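**Q** show me the folded form of this:
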Amino acid sequence: MGRVPELVAADAGFYSAQGEQEVYDQGVQRVAVPNRSTKSEERKKKQKERWFKNGQKWRTGCEGRISLLKRRHGLDRCFYKGKEGMKRWVGLGVMGDNLIHLGRALAEAVKT
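**A** Model (predicted):
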(Lines give C-alpha, C1' and ligand atoms only; values in the text may rest on other atoms or scores of the structure.)
Protein backbone atom coordinates (compact mmCIF):
# COMPACT_ATOMS: atom_id res chain seq x y z
CA MET A 1 0.00 0.00 0.00
CA GLY A 2 3.01 2.25 -0.07
CA ARG A 3 3.39 2.79 3.67
CA VAL A 4 4.36 0.92 6.82
CA PRO A 5 1.40 -0.04 9.04
CA GLU A 6 1.23 1.32 12.59
CA LEU A 7 0.13 -2.06 13.97
CA VAL A 8 0.83 -5.67 13.06
CA ALA A 9 -1.27 -8.38 14.71
CA ALA A 10 -1.07 -12.18 14.47
CA ASP A 11 -1.86 -15.17 16.63
CA ALA A 12 0.57 -16.82 19.02
CA GLY A 13 1.64 -19.41 16.45
CA PHE A 14 3.52 -16.67 14.60
CA TYR A 15 5.47 -15.36 17.60
CA SER A 16 9.24 -15.26 17.62
CA ALA A 17 11.45 -12.66 19.25
CA GLN A 18 13.51 -12.36 16.06
CA GLY A 19 10.41 -11.94 13.89
CA GLU A 20 8.99 -9.30 16.19
CA GLN A 21 12.25 -7.36 16.13
CA GLU A 22 12.39 -7.53 12.32
CA VAL A 23 8.90 -6.03 12.13
CA TYR A 24 9.91 -3.20 14.48
CA ASP A 25 13.06 -2.65 12.39
CA GLN A 26 10.85 -2.12 9.33
CA GLY A 27 9.21 0.84 11.08
CA VAL A 28 6.06 -0.69 12.57
CA GLN A 29 5.23 1.08 15.84
CA ARG A 30 3.26 -1.68 17.58
CA VAL A 31 3.36 -5.46 17.23
CA ALA A 32 0.49 -7.41 18.81
CA VAL A 33 1.64 -11.03 18.60
CA PRO A 34 1.16 -12.86 21.90
CA ASN A 35 3.87 -15.00 23.45
CA ARG A 36 1.98 -17.60 25.48
CA SER A 37 5.11 -19.17 26.99
CA THR A 38 6.71 -15.97 28.28
CA LYS A 39 8.05 -15.81 31.81
CA SER A 40 8.89 -12.10 31.53
CA GLU A 41 6.72 -9.84 33.69
CA GLU A 42 7.43 -6.97 31.26
CA ARG A 43 6.10 -9.04 28.35
CA LYS A 44 3.02 -10.12 30.32
CA LYS A 45 2.33 -6.47 31.17
CA LYS A 46 2.69 -5.46 27.50
CA GLN A 47 0.20 -8.14 26.44
CA LYS A 48 -2.36 -6.71 28.89
CA GLU A 49 -2.16 -3.17 27.52
CA ARG A 50 -5.26 -1.80 25.78
CA TRP A 51 -3.61 -1.31 22.35
CA PHE A 52 -2.34 -4.92 22.40
CA LYS A 53 -5.76 -6.34 23.28
CA ASN A 54 -7.44 -4.14 20.67
CA GLY A 55 -4.97 -5.42 18.07
CA GLN A 56 -5.88 -8.99 18.94
CA LYS A 57 -9.61 -8.19 18.80
CA TRP A 58 -9.14 -6.63 15.36
CA ARG A 59 -7.27 -9.74 14.17
CA THR A 60 -9.93 -12.14 15.41
CA GLY A 61 -12.65 -9.99 13.83
CA CYS A 62 -10.85 -10.14 10.50
CA GLU A 63 -10.53 -13.90 10.75
CA GLY A 64 -14.26 -14.20 11.44
CA ARG A 65 -15.07 -12.07 8.41
CA ILE A 66 -12.77 -14.15 6.21
CA SER A 67 -14.38 -17.35 7.47
CA LEU A 68 -17.84 -15.98 6.70
CA LEU A 69 -16.80 -14.97 3.19
CA LYS A 70 -15.39 -18.44 2.59
CA ARG A 71 -18.58 -20.16 3.75
CA ARG A 72 -21.15 -17.79 2.26
CA HIS A 73 -19.49 -16.98 -1.06
CA GLY A 74 -17.18 -19.93 -1.72
CA LEU A 75 -13.97 -17.93 -1.37
CA ASP A 76 -12.04 -21.01 -0.28
CA ARG A 77 -11.13 -21.67 -3.92
CA CYS A 78 -10.16 -19.00 -6.42
CA PHE A 79 -11.13 -19.69 -10.03
CA TYR A 80 -8.99 -16.87 -11.44
CA LYS A 81 -5.25 -17.12 -12.06
CA GLY A 82 -2.43 -15.14 -10.48
CA LYS A 83 -2.27 -12.28 -8.02
CA GLU A 84 -4.64 -10.05 -10.00
CA GLY A 85 -7.14 -12.89 -10.26
CA MET A 86 -7.00 -13.41 -6.51
CA LYS A 87 -7.63 -9.70 -5.93
CA ARG A 88 -10.64 -9.87 -8.25
CA TRP A 89 -11.99 -13.01 -6.54
CA VAL A 90 -11.75 -11.56 -3.04
CA GLY A 91 -13.11 -8.18 -4.16
CA LEU A 92 -16.16 -9.81 -5.73
CA GLY A 93 -16.78 -11.82 -2.58
CA VAL A 94 -16.54 -8.75 -0.35
CA MET A 95 -18.84 -6.76 -2.66
CA GLY A 96 -21.34 -9.61 -2.68
CA ASP A 97 -21.36 -9.75 1.10
CA ASN A 98 -21.71 -5.96 1.33
CA LEU A 99 -24.72 -6.12 -1.00
CA ILE A 100 -26.33 -8.68 1.29
CA HIS A 101 -25.80 -6.37 4.28
CA LEU A 102 -27.13 -3.35 2.38
CA GLY A 103 -30.20 -5.29 1.27
CA ARG A 104 -30.94 -6.34 4.83
CA ALA A 105 -30.51 -2.78 6.10
CA LEU A 106 -32.81 -1.40 3.39
CA ALA A 107 -35.43 -4.05 4.07
CA GLU A 108 -35.32 -3.20 7.78
CA ALA A 109 -35.62 0.53 7.00
CA VAL A 110 -38.71 -0.08 4.85
CA LYS A 111 -40.38 -2.01 7.70
CA THR A 112 -40.08 0.92 10.11
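
**Q** now the helices for the chain?
**A** 17-25, 41-47, 50-73, 82-111 (DSSP state H).

**Q** columns mean neighbour count on top of those helices, output as JSON lines?
**A** All C-beta atoms are positioned from the backbone trio N, CA, C, and that covers glycine. Converted to JSON lines, the helices of the chain look like this (neighbours: other Cβ atoms under 10 Å):
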{"stretch": "helix 17-25", "mean neighbour count": "12"}
{"stretch": "helix 41-47", "mean neighbour count": "12"}
{"stretch": "helix 50-73", "mean neighbour count": "13"}
{"stretch": "helix 82-111", "mean neighbour count": "11"}
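
**Q** what about the residue nearest to Pro34 when sequence neighbours are not counted, how many neighbours?
**A** Of all residues not flanking Pro34 in the chain, Ala12 sits nearest, at 4.6 Å (Cβ to Cβ, 6 or more residues apart in numbering). Number of residues near Ala12 (other Cβ atoms under 10 Å) recorded here: 11.

**Q** what's the spacing between Ala12 and Lys81?
**A** 34 Å (Cβ to Cβ, to the nearest Å).

**Q** equivalent analysis for Gln21, please.
**A** From Gln21 to Lys81 the distance is 37 Å (Cβ to Cβ).

**Q** what's the answer for Asn98, then?
**A** Taken as Cβ to Cβ, the span from Asn98 to Lys81 is 25 Å.
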